[in-house]
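**Q** Based on what follows, work out the 3D shape:
(4 chains)
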Protein chains: 2
Amino acid sequence: MDRHSDRERNPTRTREAILDAAERLFAENGYDATSLTDVGTAAGVSRGTPGYFFGSKEQLYREVLARCLERVRAAVRSGRERALASREPPEVVLAGAVGEYFDFILSHPHFVKLLEREALDGGRQLAHIPPHLEAAQEALGAIVSELALDPADEAEAQQLLISMLALSWFHVVHGPTVLRALGVEAGAPAFLEARRRHVVGLVVQGLRGRIGARPAPAGEAGDEA
Amino acid sequence: MDRHSDRERNPTRTREAILDAAERLFAENGYDATSLTDVGTAAGVSRGTPGYFFGSKEQLYREVLARCLERVRAAVRSGRERALASREPPEVVLAGAVGEYFDFILSHPHFVKLLEREALDGGRQLAHIPPHLEAAQEALGAIVSELALDPADEAEAQQLLISMLALSWFHVVHGPTVLRALGVEAGAPAFLEARRRHVVGLVVQGLRGRIGARPAPAGEAGDEA
DNA sequence: TTCGGCTTGCTTGTCGTCTAGCAAGTTATG
DNA sequence: CATAACTTGCTAGACGACAAGCAAGCCGAA
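**A** So this is what the prediction gives:
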């Protein structure tokens, strides 16, 4: 198999390489600023190959987006199952979930940037990927209803979920602008650790006393896991 | 003088019209997706005029950005002065500031989107607008140090400031993606009001008990600058 | 040889920039 | 005043630099 290792033909491998390259370039430089020639070069194929495999630039972009969302959906689902199995009180579950989400976002900057660009473009392509969109809605909605034991609190739980996303995303996107203006190095481990603690603390504090986390066990969960 | 009112030549008026049109188009569609022809059309001039006034597309973009930042700087500065004059305790000042900032962001979506796009582009153009960048840093840094009466709390106050920005921005940007996926209409007054309350509450709760709203050093001055 | 992965040449269209030029003042000079 | 010389706001044509997509062809494996 390795006799023609560099010239061997492997369509699935090529496809993946193109998707990987496109994901990186679309995320880092945006749709317009990325040419199919760039994608081909970055993937180690000729400039025509992306078009050959995906038909059009737009279709390639859609598949990149779909693959990204599929991964997120899987991560959310598995995280939710882990949380359900843990049988901890809501506050502890929330602290763990927020921390995990924070880390996930941090380690998937491409996803954040792609979605950010999509949002700025009015979510036009995202709207054409219905299954994943609804999957996200379902998964996230489930978390919401899980934390909001009293249905009356559902709106507030939704607010908390949005806040969790906002707090976990911001520093990934705004390193070069806001954080830089504040004199913060967005990638510095010390900052990220402090930010993680801060975000988890804020969200947990937001749950406490706001959502009817039934007084139940007077046990006080000091810090997150 | 008003006999040729519509055909009158007015360079400053034209300049402003071009800047207004460019701000809207750059914010809504992005740099690459906006042609100078688009800008000219939207401003009611020919496609050559933007180039005539601003030399290049990049320079036009920079001036749009600079004008935006200048406005924000002015708003932050006036808000800070109002807060200082109010002589309220830090918690009340913070609640007012967060609410005001929330409203400001909501009523200036162009600013948010421009900065968001800048961030995704690595802040390349923003870095070339030094005075405003440093002005923002100075103004924001001042707020931080105002709330962090004990210097040891400065890092935590900075985190809180970042959170305030994150919480106030997110729903402006992610209406078409995240909020839509959650079934929320991002522009609905009911949602925005709830979000405002939630954000202000979260940040104030974050200040409370976290930053040394110091038990006042001996002399209970109540509230001093 | 055949078939599918992959490349290369070409077409068509768009964008930014440059530049010549027109028209509506403005200033200098009689 | 008047009129010629000059400036300035603004337009429109031309050009070069790519981009995306298509189609014809090359080449490696079955």
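
**Q** lowest average confidence, helix or strand, in chain A?
**A** Ranked by mean pLDDT, DSSP states H and E, the weakest helix or strand in chain A is helix A:130-147, scoring a mean of 73.

**Q** what angle separates the next helix or strand after that helix from helix A:130-147?
**A** Sequence-wise, the next helix or strand downstream of helix A:130-147 (DSSP states H and E) is helix A:154-173. Going by axes from the mean of the first three to the mean of the last three Cα atoms, to 10 degrees, helix A:154-173 is angled at 120 degrees with respect to helix A:130-147.

**Q** Helix A:154-173 near chain B at all?
**A** Yes: using Cβ under 8 Å from any Cβ of the partner chain, we find that helix A:154-173 touches chain B at A:155-156, A:158-163, A:165-167, A:169-171, A:173. Bear in mind the C-beta positions are built from the backbone N, C-alpha and C, glycine included.

**Q** For residue A:105, what is the enclosing helix or strand?
**A** helix A:90-107.

**Q** pLDDT averaged over that helix, what's the number?
**A** What helix A:90-107 shows for mean pLDDT is 92.

**Q** same thing with stretch A:159-172?
**A** Rounded mean pLDDT across stretch A:159-172 is 96.

**Q** ok, now stretch A:188-197?
**A** Stretch A:188-197 comes out at a mean pLDDT of 98.

**Q** Enumerate the positions of that stretch that are buried.
**A** A:191-192, A:194-197 (16 or more other Cβ atoms under 10 Å in any protein chain shown).

**Q** which residues sit against it?
**A** A:99, A:102-103, A:106, A:171, A:184-185, B:155, B:159, B:162 (Cβ atoms under 8 Å, 6 or more residues apart in numbering or on different chains).

**Q** Would you pull up the residue in chain A closest to DNA strand C?
**A** In chain A, no residue comes nearer to DNA strand C than residue A:48, which is 2.6 Å away by Cβ to the nearest atom of the strand.

**Q** Thought residue A:39 was touching that residue, still the case?
**A** No: using Cβ atoms under 8 Å, residue A:48 makes no contact with residue A:39, being 10.9 Å away.

**Q** Compare these two and say which is more crowded by neighbours.
**A** Taking neighbours as other Cβ atoms under 10 Å in any protein chain shown, residue A:48 and residue A:39 compare with residue A:39 leading, 28 against 11.

**Q** Domain-wise, how is chain A divided?
**A** Per automatic domain parsing, the structural domains of chain A span A:1-55, A:64-207.

**Q** Return the most buried member of those domains.
**A** Among the domains of chain A, the stretch with the highest mean neighbour count (mean count of other Cβ atoms under 10 Å in any protein chain shown) is domain A:64-207, at a mean of 19.

**Q** How about stretch A:77-84 and chain B, touching?
**A** No: using Cβ under 8 Å from any Cβ, stretch A:77-84 never reaches chain B; the gap is at least 15.0 Å.

**Q** Say whether DNA strand D is contacted by the lengthiest helix in chain A.
**A** The helix that spans the most residues within chain A, counting by DSSP state H, is helix A:57-86. Yes: counting by Cβ under 7 Å from any atom of the strand, DNA strand D is contacted by helix A:57-86 at A:57-58.

**Q** Who are the packing partners of that helix?
**A** helix A:11-29, helix A:36-43, helix A:49-54, helix A:90-107, helix A:109-120, helix A:130-147 (3 or more Cβ pairs under 8 Å, 6 or more residues apart in numbering or on different chains; DSSP states H and E).

**Q** Put together CSV for these, with distance to residue B:137 on each row.
**A** As requested, the helices and strands packed on helix A:57-86 are exported to CSV (distance: least, Cβ to Cβ, whole Å):
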stretch, distance to residue B:137
helix A:11-29, 26
helix A:36-43, 34
helix A:49-54, 42
helix A:90-107, 24
helix A:109-120, 23
helix A:130-147, 35
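
**Q** out of those, nearest to DNA strand D?
**A** helix A:36-43 (3.9 Å).

**Q** Now do that closest one against helix A:11-29, angle only.
**A** If you take the same axes, to 10 degrees, helix A:36-43 sits at 120 degrees to helix A:11-29.

**Q** one step back: just the buried residues of stretch A:188-197: which are in helices?
**A** Checked against DSSP H, the buried residues of stretch A:188-197 include these in helices: A:191-192, A:194-197.

**Q** Give me the nearest residue to residue A:40, chain neighbours excluded.
**A** Leaving aside its chain neighbours, residue A:40 sits nearest to residue A:47 (4.4 Å; criterion: Cβ to Cβ, 6 or more residues apart in numbering or on different chains).

**Q** residue contacts, the one you found?
**A** A:36-37, A:40-41.

**Q** Chain neighbours aside, what residue packs nearest to residue A:117?
**A** residue A:30 (5.8 Å).

**Q** tell me the pLDDT at the residue nearest to residue A:142 when sequence neighbours are not counted?
**A** Nearest residue to residue A:142, sequence neighbours excluded (Cβ to Cβ, 6+ apart): residue A:80, at 6.5 Å. The model reports residue A:80 with a pLDDT of 85.

**Q** can you check the one 3 residues further on too?
**A** Per-residue confidence (pLDDT) for residue A:83: 83.

**Q** do residue A:1 as well
**A** 38.

**Q** Would you mind listing what in chain A touches DNA strand D?
**A** Going by Cβ under 7 Å from any atom of the strand, the residues of chain A near DNA strand D are A:4, A:7-9, A:34-38, A:48, A:51-52, A:55-58.

**Q** Now do the phi/psi pair for the residue nearest to residue A:40.
**A** Per-residue torsions, residue A:47: phi -70, psi -20 (degrees, to the nearest 10).

**Q** can you list the residues that contact stretch A:62-81?
**A** A:19, A:22-23, A:26, A:54, A:97, A:100-101, A:104, A:108, A:110-111, A:114, A:118, A:125-126, A:128-129, A:132-133, A:135-136, A:139-140, A:142-143, A:146.

**Q** now with 6 Å?
**A** A:19, A:22-23, A:26, A:100, A:104, A:111, A:114, A:125, A:129, A:132, A:135, A:139 (Cβ atoms under 6 Å, 6 or more residues apart in numbering or on different chains).
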